[in-house]
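Novice: sequence unavailable; structure follows:
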């Protein structure tokens, strides 16, 4: 059946769907607000289906790829749990296949974004790469020859919960000292709030003097205006980004490290201190090629594009089995 | 030319060579003392050649595999640097090929040990595994479908220099807070020395009251006798083993984690606290299969066996190219 492939990315705050072609180009998109974690799961599925159908705009669906902000089982069938969504072991793939009447593929959002960067973005043509996704927390993926390493439980790439400070800052995961407590959107905001007590800042005015109203985009805007509190907040998050990256590079020795997610929009303000810290803390830096630390290229559409790639390759594999000649990836 | 394959493992203190068959069985071995890092490099090569020829005992050599305790370049030609050996960029593979008149293959010792465990030991049959080698420091390797991940510089698996404590204990690598400062043979000895000041210990007698004479094997022996200082030293090293392993498991989600190296001879005295710490510090432990943490099976011969495997597979690849039917591994 000829038709379009839709990728959909469901995060903690929004659902973004779009028609994606085989070159990774996005034609039409649709946006919904994520219903939140206290609703019944059917409401989340409704929002997904609505966004998918709106983006398809009446065209037949040949397949749908879903990128979900949560732990997906190694077979790509279920969302095992998700900090910002009500799913717990939800058989999302089959549920959506039934409602949409087309093949559905499912993976973790960071894996999808990495797959997209490997095929159409900053990790294209690499033998080995790391993707580090800095949003509210840190997600990530290990890329080997363009393939995402899934892991025995489908949980590889949970970089954000590597412990970097013994008995450090409390983490939502229930433990302490996780990397994402020092380098993430949440860490950026926390840093700014703390530093507002130490020196004057345009953030005072932006928040009406309420540090608890600081948001990540505010800190980015303030840093662009030259605000020292915002710049110090970024310097610390960037430094910790480099320290944690050095640990991953010691273990995996990739060619390139791609930094994506919302915080990466700050570009070199984040990446410069990270590169310095990577050079300073990476073992044997004088005896090796230290990998480039580069910004992701596909922005907020990476998850959606990577989800579409996933179902496209599944469809290709199916066609190959039945004698056709689908695309040869993954 | 029919002949035997010899594997040789050169560490900081000894050179161990042996004839290894295709099933990984070792027949004859030879041992030399490593000349140390202040000698000229030719002396180290002499010791290697002597051990290799002694183990071959007059039989023709069809190939030699070398496992070296140092950084080996990604093409397996040179030892770039080694903390306990005088090599700096030494073209060891070609030097030995010339002296021995047979094909030589070269890799890092931890990679070789991991390869051996993947083919004939504790990681046999796994899709993904980690090998953590606890000797003086920590070495390691990432195993994917039995293959060792080399990395862009040939430096993947340098787990020992992942930073686990900001501004922590000084490390020989010039930085601070490296994992191997808390979990290794050196850490075990340091713990015991410190604890000897706090409570009575058989180590007092063993060392004639000189804490600076404590060695790793002494701590192991004392722990077996029930000595509390030795047991506390192991408990701390084991706990840190689990904490660092949890970081690697968060990133890579392997099926199994194999612990090798000299310190692993202590068995469950090391592994029990490590398993507890892994369970405690691994993200999402309640939602996943936590990987088994198991002892390596091939002991001190693992590096030598894995080095032999490396050259055997290289010979096999050569035979395949020239129309023969060598073994099909790596």
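Specialist: Perfect, thanks for sending it. The model shown is predicted, which means the values in this text are computed figures rather than measured ones.

Novice: pull the residues that contact stretch A:275-290.
Specialist: Residues outside stretch A:275-290 that contact it (Cβ atoms under 8 Å, 6 or more residues apart in numbering or on different chains): A:238-243, A:245-246, A:249-250, A:253, A:257, A:293, B:71, B:80-81, B:152-153, B:155, B:158, B:161, B:163, B:173, B:175, B:178. Yep, even glycine has a C-beta here, placed from its N, CA and C like the rest.

Novice: and with 7 Å instead?
Specialist: By Cβ atoms under 7 Å, 6 or more residues apart in numbering or on different chains, the residues outside stretch A:275-290 that reach it are A:239, A:242-243, A:245-246, A:249-250, A:293, B:71, B:80-81, B:152-153, B:155, B:158, B:161, B:163, B:173, B:175.

Novice: looking at residue A:328 now. What's its pLDDT?
Specialist: For residue A:328, the pLDDT comes out at 40.

Novice: where do the strands of the stretch 151-300 of chain A begin and end?
Specialist: Taking DSSP state E, counting those that start in this stretch, the strands of the stretch 151-300 of chain A run over residues A:256-260, A:292-295.

Novice: tell me which of these sits most buried.
Specialist: Comparing the strands of the stretch 151-300 of chain A by mean neighbour count (mean count of other Cβ atoms under 10 Å in any protein chain shown), strand A:256-260 ranks first with a mean of 27.

Novice: centre of the chain to it, how far?
Specialist: 11 Å (Cα atoms, centre = their mean, to the nearest Å).

Novice: quote the end-to-end distance of stretch A:149-164.
Specialist: 23 Å (Cα to Cα, to the nearest Å).

Novice: also stretch A:199-208?
Specialist: Span of stretch A:199-208 from end to end, Cα to Cα: 16 Å.

Novice: what's it in contact with?
Specialist: A:192, A:196, A:213-214, A:218, A:222, A:225, A:227-230.

Novice: in those residues, find the pair that's most separated.
Specialist: Using Cβ to Cβ, the contacts of stretch A:199-208 reach their maximum pairwise distance at A:213 and A:228, which is 19.4 Å.

Novice: any idea how chain A splits into domains?
Specialist: Annotated domains of chain A cover A:4-109+A:300-321, A:122-296 [automatic domain parsing].

Novice: any idea which of those domains gets closest to residue B:187?
Specialist: Among the domains of chain A, domain A:122-296 comes nearest to residue B:187, with 14.5 Å by Cβ to Cβ.

Novice: now that closest one: average pLDDT?
Specialist: Computed over domain A:122-296, the mean pLDDT rounds to 95.

Novice: does the closest residue to residue A:120 other than its chain neighbours sit in a helix, a strand or a coil?
Specialist: Spatial nearest neighbour of residue A:120, excluding adjacent residues (Cβ to Cβ, 6 or more residues apart in numbering or on different chains): residue A:24 at 3.7 Å. Following DSSP: H, G, I helix; E, B strand; the rest coil, we place residue A:24 in the coil state.

Novice: which bits of chain A sit near chain B?
Specialist: A:71, A:80-81, A:128, A:142, A:151-153, A:155-159, A:161-163, A:165-166, A:173, A:175, A:243, A:246-248, A:250-255, A:281, A:283-284, A:287-289, A:291 (Cβ under 7 Å from any Cβ of the partner chain).

Novice: rewinding a little: only the buried subset of the contacts of stretch A:199-208, as a PyMOL command please.
Specialist: Command for PyMOL that selects the buried part of the contacts of stretch A:199-208, burial taken from 16 or more other Cβ atoms under 10 Å in any protein chain shown:
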select buried, chain A and resi 192+196+214+218+222+227+229+230
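
Novice: can you list the contacts of stretch A:199-208 in JSON lines and add distance to residue A:103?
Specialist: Output for these, formatted as JSON lines (distance: Cβ to Cβ, whole Å):
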{"residue": "A:192", "distance to residue A:103": "45"}
{"residue": "A:196", "distance to residue A:103": "50"}
{"residue": "A:213", "distance to residue A:103": "44"}
{"residue": "A:214", "distance to residue A:103": "43"}
{"residue": "A:218", "distance to residue A:103": "42"}
{"residue": "A:222", "distance to residue A:103": "46"}
{"residue": "A:225", "distance to residue A:103": "48"}
{"residue": "A:227", "distance to residue A:103": "49"}
{"residue": "A:228", "distance to residue A:103": "53"}
{"residue": "A:229", "distance to residue A:103": "50"}
{"residue": "A:230", "distance to residue A:103": "46"}
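
Novice: alright, I will stop here.
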